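K.L.:
my questions are about this predicted structure, shown below with the sequence.
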Amino acid sequence: MRIALPRARKEPLRSADVEADGLQGRILWADGTPAPGMESAGSQAAPAYILIHGIGVSHRYLRRLHNELAAVAPTYSLDLPGFAGTPKPGRQLSVEDYGAFIAQALKACGIGPYVLVGHSMGVQFAIEAALYAPEQARRLVLMGPVVDSEHRSVRRQGLALFLDSLLRESASSNWLVFSDYFRCGPRWYFTELPVMMAYPTELRLAGINVPVLVLRGDHDPVAGADWSLRLSQVVQQGSLVEIGRAGHVAQHLRPRQVADAIRSFAEASA
């Protein structure tokens, strides 16, 4: 495992390439958060927040939430292998592969312990990362979890996403999501789509032994209310929060409310 030196950027977030198990991704952080690989990165008094995107997208639709959380605690976002312009793997990756990559990359960066915050398919990645490194994952936040039991076919899942983008999302969130889909490309998106659809979220979540927050926008057609409530009841220390007047990408439209809910959860369960 290796970490490349940070690249100079004009963006608010700084970035570095990170490699683990032959896969390459990217880690991003803001000023005030220890740079990955520095000795201080793993010595924070409280767990760091780790933001994990979903299928086809990148850290960009998590950036507003990143900035809110970084104001109070070390916060890192990941661009996972095959997405966001990172090198495409030579084979289909399982959710377990992504979870192992996340845990190994964070270890290589000297980051831990942490709170894993996943969105959409990123929820699945976060669950697997927590199962891979349970000693480091202190809490788990599942935003807009997939795949809802009402959308177990690609057609139903696609319809829910279409309705969300048409009726519930802002122009800026749609731009971020669809431009990231373009960067990802259809080949890798459709390579990983069946992996997402087949993942047994409820069964894998049952193996988690840390506090879990399930979070959804109250108008989210992708992660329904009944499904989200059921997930929060799978674990012993589970809770559910709904963000008002928000759809699937609640963290972009209501970043402060989402950050407040995550911070309250992290503090209450500490």
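P.N.:
Received, thanks. Numbering: from 1, shown residues only.

K.L.:
wait, doesn't residue 101 sit right on residue 23?
P.N.:
Yes. Residue 101 lies in contact with residue 23 (CB atoms under 8 Å); the separation is 5.2 Å. Quick note: C-beta positions are derived from backbone N, CA and C, even for glycine.

K.L.:
neighbour count for those two, which is higher?
P.N.:
residue 101 (27 against 21; other CB atoms under 10 Å).

K.L.:
so how far is residue 135 from that one?
P.N.:
Noted for residue 101: a distance of 18 Å to residue 135, by CB to CB, to the nearest Å.

K.L.:
ok, residue 94 next?
P.N.:
In terms of CB to CB, residue 94 sits 22 Å off from residue 135.

K.L.:
looking at those two, which one has more neighbours?
P.N.:
Shown here are residue 94 and residue 135; by other CB under 10 Å, residue 94 has more neighbours (15 against 7).

K.L.:
so what's that one up against?
P.N.:
When the contact criterion is CB atoms under 8 Å, 6 or more residues apart in numbering, the partners of residue 94 are residue 195.

K.L.:
report pLDDT for it.
P.N.:
You'll see residue 94 listed with a pLDDT of 98.

K.L.:
got it, and residue 37?
P.N.:
Reported pLDDT for residue 37: 83.

K.L.:
helix/strand/coil for it?
P.N.:
coil (DSSP: H, G, I helix; E, B strand; the rest coil).

K.L.:
go ahead and confirm it touches residue 107.
P.N.:
No. In this structure, residue 37 is not within contact of residue 107 by CB under 8 Å, at 11.2 Å.

K.L.:
burial count for residue 242?
P.N.:
17.

K.L.:
next SSE downstream of the least confident helix or strand in the chain by mean pLDDT?
P.N.:
One helix or strand of the chain scores below all others by mean pLDDT, DSSP states H and E: strand 2-3, with a mean of 52. Once strand 2-3 ends, the next helix or strand along the chain (criterion: DSSP states H and E) is strand 14-20.

K.L.:
mind saving the C-alpha coords of that next one as CSV?
P.N.:
This file holds the C-alpha atoms of strand 14-20, laid out as CSV (Å, rounded to 0.1, in the frame of the first residue of the first chain):
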residue,chain,number,x,y,z
ARG,A,14,-6.9,19.1,-1.1
SER,A,15,-6.4,15.6,-2.5
ALA,A,16,-3.9,12.7,-2.7
ASP,A,17,-4.0,9.4,-4.5
VAL,A,18,-4.2,6.3,-2.4
GLU,A,19,-3.5,2.7,-3.4
ALA,A,20,-4.5,-0.5,-1.6
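
K.L.:
distance of residue 149 relative to residue 156?
P.N.:
Relative to residue 156, and taking CB to CB, residue 149 is found at 10 Å.

K.L.:
so residue 204 is in which element?
P.N.:
helix 201-205.

K.L.:
buried residues in that helix?
P.N.:
Neighbour counts over helix 201-205 (16 or more other CB atoms under 10 Å) mark 201, 204-205 as buried.

K.L.:
same thing with stretch 56-75?
P.N.:
56-70, 73-75.

K.L.:
thanks again, I'm all set now.
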